[in-house]
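Participant: below are the sequence and a predicted model; questions follow.
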Amino acid sequence: MHLTLRQLSLFESVARHRSFTRAAAELHLSQPAVSMQVRQLEESAGLPLFEKIGRRIQLTEAGREMYDYARRIGQSLQELDEVMAALKGVQRGHLRLSVATTANSFATRILAAFSQRYRGTTYSLDVTNRKTLLDQLSGNETDIVIMGKPPEDANLEVRPFMENPLVVVAHPDHRLVHVPSPVPLQALQEEVFVVRERESGTRIAMERFFNERGMHLKTGIETTSNSAIKHAVEAGLGLGIVSIHTLDLELEVGALVVLDVEGFPILRHWHLAHCKGKRLPPIAQAFQEFLTGEEGRHLLSHSVPVSRGPG
């Protein structure tokens, strides 16, 4: 069987996306060019690699085998590239970083500071949800991620680097803003909350906190976006529980306030995670040390302002 690395790379992208269109966009090629290369690969293999079911394409048995090998070959080539980069020094590396949506507020600030130190490097930054982060790690689609605590059974190297306080936010005119501090925890049971989706680390931590105290909160709106939570709270649709790291602008302009609630903030941590056994490229190692070092800690230092009632 005669094939090229280019054909394997194009095939891997189509198989991963289950779409010729999305693969072409990812690789900055035309869809016909991608289709032609995959067709040539099928001719070389002597077997169909895809089949169309309804409006979607699926891998055939031969396609699944080819995809497995294509991923392994791609990973080996990436490791080779990383070894070569290490020999050249960290200044010429490329960092693939993925972060939880909540972490985006400080991830860009950290990257800006880090890039000043390593001016010859380039970056890919993906901001996404918890499930996608775990999928990217398992598929070796990123070097390192910033997220809340990963599942215990994930095959990951995990390193906590910063506290992530979850706080209760309210509209400035909400009745609980004027309750003597601290607001009793039981008072929250009378309120409606805007919450993240069930797979979210914030949602998991919130529900664990209240379940341990025998409480169940009323949820009005469920969303996959912290920004949507903040907008809903600003509109008076309920209370929200979010990371303090997402609130800089809203607190500065007075659009939201942090309530001083009994038992809050819920203290979590941000973690750096990568696949166990993965050889991190030099730039990823340098980023990890930067983030956990003195300069990174200084950039990430954050107090938790709260609204204190008349008590």
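Facilitator: Received it, and whenever you're ready, just let me know what you need.
Participant: which neighbouring elements make contact with the helix or strand hosting residue 105?
Facilitator: Using DSSP states H and E, residue 105 maps to helix 104-117. Applying 3 or more Cβ pairs under 8 Å, 6 or more residues apart in numbering; DSSP states H and E, we find helix 104-117 packed against strand 94-100, strand 122-128, helix 282-292, helix 294-300. To be clear about C-beta, it is placed using only N, CA and C from the backbone, and glycine gets the same treatment.
Participant: packing partners of the first one?
Facilitator: Right, strand 94-100. helix 104-117, strand 122-128, helix 130-138, strand 144-147, helix 282-292.
Participant: also the second one?
Facilitator: Packed against strand 122-128 by the contact rule (3+ Cβ pairs under 8 Å, 6+ apart) you find strand 94-100, helix 104-117.
Participant: contacting residues around the longest one?
Facilitator: Pointing back at helix 104-117 there. Contacts with helix 104-117, where a contact means Cβ atoms under 8 Å, 6 or more residues apart in numbering, come from 97, 99, 121, 123, 125, 127, 146, 245-246, 248, 286-287, 290-291, 295-296, 299-300.
Participant: out of those residues, which are buried?
Facilitator: 97, 99, 121, 127, 146, 245-246, 286-287, 290-291, 296, 299-300 (16 or more other Cβ atoms under 10 Å).
Participant: for residue 256, see how far away the spatially closest residue to residue 93 that is not a sequence neighbour is.
Facilitator: Spatially, and ignoring its direct neighbours in sequence, residue 93 is nearest to residue 283 (3.0 Å; Cβ to Cβ, 6 or more residues apart in numbering). Using Cβ to Cβ, to the nearest Å, one gets 37 Å for the distance from residue 283 to residue 256.
Participant: neighbour count: these two, which is higher?
Facilitator: Taking other Cβ atoms under 10 Å, residue 283 and residue 256 do not tie; residue 283 has more neighbours (28 against 22).
Participant: wait, the more buried one touches residue 118, no?
Facilitator: Yes: Residue 283 sits in contact with residue 118 when judged by Cβ atoms under 8 Å, with a separation of 6.8 Å.
Participant: just to revisit the earlier point, which of the helices and strands packed on strand 94-100 is buried the deepest?
Facilitator: Among these, strand 144-147 has the highest mean neighbour count (mean count of other Cβ atoms under 10 Å), at a mean of 25.
Participant: can you dump the C-alpha coordinates of stretch 64-82 into PDB?
Facilitator: Extracted in PDB, the C-alpha atoms of stretch 64-82 (Å, rounded to 0.1, in the frame of the first residue of the first chain):
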ATOM      1  CA  ARG A  64     -11.500   2.800  12.000                       C
ATOM      2  CA  GLU A  65      -8.300   0.800  11.600                       C
ATOM      3  CA  MET A  66      -6.800   3.500   9.400                       C
ATOM      4  CA  TYR A  67      -7.800   6.200  11.900                       C
ATOM      5  CA  ASP A  68      -6.100   4.400  14.700                       C
ATOM      6  CA  TYR A  69      -2.900   4.200  12.800                       C
ATOM      7  CA  ALA A  70      -3.100   7.700  11.500                       C
ATOM      8  CA  ARG A  71      -3.500   9.100  15.000                       C
ATOM      9  CA  ARG A  72      -0.500   7.100  16.300                       C
ATOM     10  CA  ILE A  73       1.700   8.100  13.400                       C
ATOM     11  CA  GLY A  74       0.600  11.800  13.900                       C
ATOM     12  CA  GLN A  75       1.500  11.600  17.500                       C
ATOM     13  CA  SER A  76       4.900  10.100  16.800                       C
ATOM     14  CA  LEU A  77       5.600  12.900  14.200                       C
ATOM     15  CA  GLN A  78       4.600  15.500  16.800                       C
ATOM     16  CA  GLU A  79       6.900  14.000  19.400                       C
ATOM     17  CA  LEU A  80       9.700  14.100  16.800                       C
ATOM     18  CA  ASP A  81       9.000  17.700  16.100                       C
ATOM     19  CA  GLU A  82       9.100  18.400  19.800                       C
END
